[in-house]
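Novice: Sequence and predicted model, in that order:
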2 protein chains.
Amino acid sequence: MRIGELAARAGTTTRTLRYYESRGLLPARRTGNGYRTYDESDLRLLRQIRTLQDFGFDLEETRPFVECLRAGHPEGDSCPASLAVYRRKLGELDALIGQLAGVRDTVARQLQRAEQARAELAAEAEVPGGPEPVCELGGDPW
Amino acid sequence: MRIGELAARAGTTTRTLRYYESRGLLPARRTGNGYRTYDESDLRLLRQIRTLQDFGFDLEETRPFVECLRAGHPEGDSCPASLAVYRRKLGELDALIGQLAGVRDTVARQLQRAEQARAELAAEAEVPGGPEPVCELGGDPW
DNA sequence: CGTTGCCTTGACGCCGGGGTCAAGGATTAC
DNA sequence: GTAATCCTTGACCCCGGCGTCAAGGCAACG
């Protein structure tokens, strides 16, 4: 099969395939006229790459999986190098998620605070000298 | 104060300040010799920008906060436009965190599966024809 | 006077993962 | 024959947020 068909079957573009080839990730055989030609096993490699890319793996991080498949293993993650990438990625994801969760909470608190401040200003403007801010720690109002 | 001092006091670089100015975010007055000159209020604006940037806000997203401060409000988030950015960012963060959590779980499962497969292969190789895989649903082994 | 150290503008580089021409060759279809 | 698709390589573009020169001006110190 030629590049256009492979691209279509993997749901990507010819440009992407040539890019992968330029990175040494998915080399192609050539026919007499210089056209790239691929077979079903290339489609498997490509699908492996795409799956990992969709997970947010860098292109370089897919390389161990591709090489594992090319070495004849049944799955791209049948090799230690692939497992190592999984583990590293898990760590990165945990770190990133934790960091984002921290930011999320900070932003949520800032929003709360700012909304509260605006509400107080609005109330004060509506009834100038009107309802005092309630003291939530109050005992009996003398 | 001049650009170098402002940069130092905000923990950033002169290049960054010129970049912000080129984006219209932090314009500078000029002295007679063409040097940029800033005052304390500029430092406040800059700190606001930097804080939000550290949270992962795009530069454009800091603009409402800066304009809010420049309009004389006590805080950068004292204006509705800033609150809108907060809310939008919260949504984005939640979506992103959820997505990353999904990927994290998928990767974790893949890792588990792949490790399990390797362990089974190793066991089989160690005692060829040895311990059969246990059938967890078994009744009596006839 | 020279040296050092700040400042100015302008312009290119980087990173990842390709998109998007451009100019030309090969094959197939009619 | 020629039109329509494919294919080839090469090269520039994009994004955001700056880093990093380059070439030259202004100020202060000794």
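Specialist: Yep, that arrived.

Novice: Every contact and neighbour count from this point should use C-alpha atoms.
Specialist: Will do.

Novice: DNA strand C contacts on chain A?
Specialist: A:13, A:14, A:15, A:16, A:19, A:32, A:33, A:53, A:57, A:58, A:59, A:60 (C-alpha under 7 Å from any atom of the strand).

Novice: what helix or strand is the fifth one on?
Specialist: Assigned by DSSP states H and E, residue A:19 belongs to helix A:14-22.

Novice: before we move on, the earlier item: generate a ChimeraX selection restricted to the buried subset of the residues of chain A next to DNA strand C.
Specialist: For the buried members of these, the matching ChimeraX selection, counting by 16 or more other C-alpha atoms under 10 Å in any protein chain shown, is:
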select /A:13,57
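
Novice: between the residues of chain A next to DNA strand C, which is nearest residue A:107?
Specialist: Of all those, residue A:107 sits closest to residue A:57, with 27.8 Å by C-alpha to C-alpha.

Novice: how about stretch A:46-59: buried residues?
Specialist: For stretch A:46-59, by 16+ other C-alpha under 10 Å, it's A:46, A:47, A:48, A:49, A:50, A:52, A:55, A:57.

Novice: if we can go back for a sec, give the other helices and strands that the helix holding residue A:19 contacts.
Specialist: helix A:3-10 (3 or more C-alpha pairs under 8 Å, 6 or more residues apart in numbering or on different chains; DSSP states H and E).

Novice: what sits up against the helix it packs on?
Specialist: Contacts with helix A:3-10, where a contact means C-alpha atoms under 8 Å, 6 or more residues apart in numbering or on different chains, come from A:13, A:14, A:17, A:36, A:37, A:38, A:43, A:46, A:47.

Novice: hmm, which two among the residues you listed are most spread apart?
Specialist: Farthest pair in those, by C-alpha to C-alpha: A:36 and A:47, 17.9 Å.

Novice: what's the helix or strand for residue A:83?
Specialist: Going by DSSP H and E, residue A:83 is in helix A:80-126.

Novice: what's the angle from that helix to helix B:80-126?
Specialist: 160 degrees (axes from the mean of the first three to the mean of the last three C-alpha atoms, to 10 degrees).

Novice: How far away from the center of its chain is helix A:80-126?
Specialist: 17 Å (C-alpha atoms, centre = their mean, to the nearest Å).

Novice: Near DNA strand D, which residues of chain A? Just list them.
Specialist: So chain A meets DNA strand D at A:2, A:3, A:4, A:5, A:14, A:18, A:34, A:35, A:36 (C-alpha under 7 Å from any atom of the strand).

Novice: switch to 10 Å and redo it
Specialist: A:1-8, A:13-15, A:17-19, A:21-22, A:28-31, A:33-38 (C-alpha under 10 Å from any atom of the strand).

Novice: if we can go back for a sec, tell me which of the buried residues of stretch A:46-59 is nearest to residue A:117?
Specialist: residue A:55 (41.1 Å).

Novice: What values do phi and psi take at that closest one?
Specialist: Main-chain dihedrals, residue A:55, degrees, to the nearest 10: phi -80, psi -10.

Novice: ok, it - contacts?
Specialist: Per C-alpha under 8 Å, 6+ apart, neighbours of residue A:55: residue B:103.

Novice: swap in the one 4 residues further on?
Specialist: Residue A:59 makes contact with A:49, A:53, according to C-alpha under 8 Å, 6+ apart.

Novice: so where's chain A uncertain?
Specialist: A:123-142 (pLDDT under 70).

Novice: Mind telling me what element the most centrally placed residue in chain A is part of?
Specialist: With distances taken as C-alpha atoms, centre = their mean, residue A:56 lies nearest the centre of chain A, 3.7 Å away. Secondary structure from DSSP H and E places residue A:56 outside every helix and strand.

Novice: Now do it against residue B:68, distance only.
Specialist: The gap separating residue A:56 from residue B:68 is 37 Å, by C-alpha to C-alpha, to the nearest Å.

Novice: With residue A:114 instead?
Specialist: Counting by C-alpha to C-alpha - residue A:114 and residue B:68 are separated by 13 Å.

Novice: so what sits against both of those two?
Specialist: If you check residue A:114 and residue B:68 against C-alpha under 8 Å, 6+ apart, the residues they both contact are B:77, B:78.

Novice: So residue A:35 versus residue A:4, what's the distance?
Specialist: Where residue A:4 is concerned, residue A:35 sits at a distance of 11 Å (C-alpha to C-alpha).

Novice: So between the two, which is more surrounded?
Specialist: Using other C-alpha atoms under 10 Å in any protein chain shown as the criterion, residue A:35 and residue A:4 rank with residue A:4 on top: 16 against 13.
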